[in-house]
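Enquirer: Curious how this folds, go ahead:
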Amino acid sequence: MKTGLLNIGMIGLDTSHAPLFAEMLNHSGHPHHVPGGRVTTAFPGGSPDFPLSISRVPGYTAQIRDDCGVRMVETVEAVAEETDALMLLTVDGRLHVEQFAAVAPYGKPVFIDKPFALSSGDAQAISHLASKYNVPLMSCSSVRYAENLAAAAGEMGKGELFGVDCYGPMELQPTQPGFFWYGIHMAEMLYRCMGTGCTEVRVTTGEEHDLAIGVWADGRIGTLRGNRKGNKRFGALLHREKETDHVDIYAQEKPYYASMLEAVIRMFQTETPPIPITETLEVIAFLEAANESRTTGKAVPLNIHETGAII
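Expert: Okay, the predicted model is just below:
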């Protein structure tokens, strides 16, 4: 286990997570300060054809540089050279495999913010690179780490968990197709509770809503409801033999992103990812199948090895 203060590099300053994480790590007076590391170097990045990416870069870069004392560099390789661990935060999932390929040879722990990738092919490529260069790798949505979701998922006194219904906002972005942009949050919640083993996905879609129904090999059913009308809150219903629990992700005093950042720093220190790569790969395969079903209206199977790895 690594001890002492880690120098952390950021790749991609086109997401609100970049200044948020930098403040929580670099400012000990922050109400949700996470000790163990300090952001020292960053590559701003940004995708010119993605307005929600490129429009954010100047402001977040200035904020992180001026308020957190982070030095900007011109390449992702320079970030890897100068730091102990990397946060690949680039909001455009299309770039993740390219950026990870550039830093993987340095063999340093990497956290990839959601979405891990926008296809199973890219997800597999990242996984293979991590294996080749022995890179400790973690990727997830911060919503996965809501403490009350974890508590509900771990409840053993109400009988077997036989289904989970997750809901939340699901805006659509052309460059991050279908479920990948915001559906990733609900998928991470679903897999946090259900684990791997989904065999097929079927989607019903409309102008204001999408509903994805996943069937697990053991007969359990999990759903994602994406809303483009009404509330924008994330939540879940966990169905057990004795009771159904409702989880309001926002009910906890401690924000879920603080809990996730603590897990990321532990991974950097121990170099032991808390989420199996097979689960991350299946999350991406689930979203990919959901997007296909969203177009065809038909059930789409997930192709999975016996080991749980996507083929």
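Enquirer: Wait, a helix at Leu190?
Expert: Yes. Under DSSP: H, G, I helix; E, B strand; the rest coil, Leu190 falls within a helix.
Enquirer: if I look at it, how far off is Ser141?
Expert: According to CB to CB, to the nearest Å, Leu190 stands 11 Å off from Ser141. For the C-beta atoms, the positions are set from N, CA and C on the backbone; glycine is no exception.
Enquirer: ok, which stretches of the stretch 51-200 of the chain are strands?
Expert: 71-72, 85-88, 110-113, 137-140, 161-169, 198-205 (DSSP state E, counting those that start in this stretch).
Enquirer: Quick one: closest of those strands to Lys242.
Expert: Taking CB to CB, strand 161-169 is the member of these nearest to Lys242, at 10.9 Å.
Enquirer: tell me the contacts of the closest residue to Ala101 other than its chain neighbours?
Expert: Using CB to CB, 6 or more residues apart in numbering and skipping residues adjacent in sequence, the residue nearest Ala101 is Leu129, 5.8 Å away. Listed by CB atoms under 8 Å, 6 or more residues apart in numbering, the contact set of Leu129 reads 100-101, 104, 135.
Enquirer: So which of the strands of the stretch 51-200 of the chain is nearest Ile277?
Expert: strand 137-140 (6.5 Å).
Enquirer: what pairs with the closest one, and is each one parallel or antiparallel?
Expert: Partners of strand 137-140 in the sheet, by DSSP bridges, are strand 110-113 (parallel).
Enquirer: What lies in contact with the partner strand?
Expert: Residues outside strand 110-113 that contact it (CB under 8 Å, 6+ apart): 12, 15, 17, 85-91, 96, 100, 103-104, 126, 130, 135-139, 264, 267-268.
Enquirer: Isn't Leu95 up against Gly46?
Expert: No. Using CB atoms under 8 Å, Leu95 is not in contact with Gly46; the gap is 9.8 Å.
Enquirer: got the buried residues for stretch 60-79?
Expert: 60-61, 63-65, 68, 70, 72-73, 76, 78-79 (16 or more other CB atoms under 10 Å).
Enquirer: in stretch 50-61, what's buried?
Expert: Quick answer for stretch 50-61 (16+ other CB under 10 Å): 50, 52-54, 56-57, 60-61.
Enquirer: from those, which is closest to Gly163?
Expert: Leu52 (33.5 Å).
Enquirer: List the contacts of Val73.
Expert: Shown in contact with Val73 (CB under 8 Å, 6+ apart): 41-43, 79, 82.
Enquirer: What about the residues you listed, which are in helices?
Expert: Judged by DSSP state H, helices contain the following of these: 79, 82.
Enquirer: how about a markdown table for the contacts of Val73, with pLDDT and distance to Gly159 added?
Expert: Output for these, formatted as a markdown table (pLDDT from 0 to 100; distance: CB to CB, whole Å):
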| residue | pLDDT | distance to Gly159 |
| --- | --- | --- |
| Thr41 | 98 | 50 |
| Ala42 | 98 | 48 |
| Phe43 | 98 | 49 |
| Val79 | 98 | 48 |
| Glu82 | 97 | 52 |
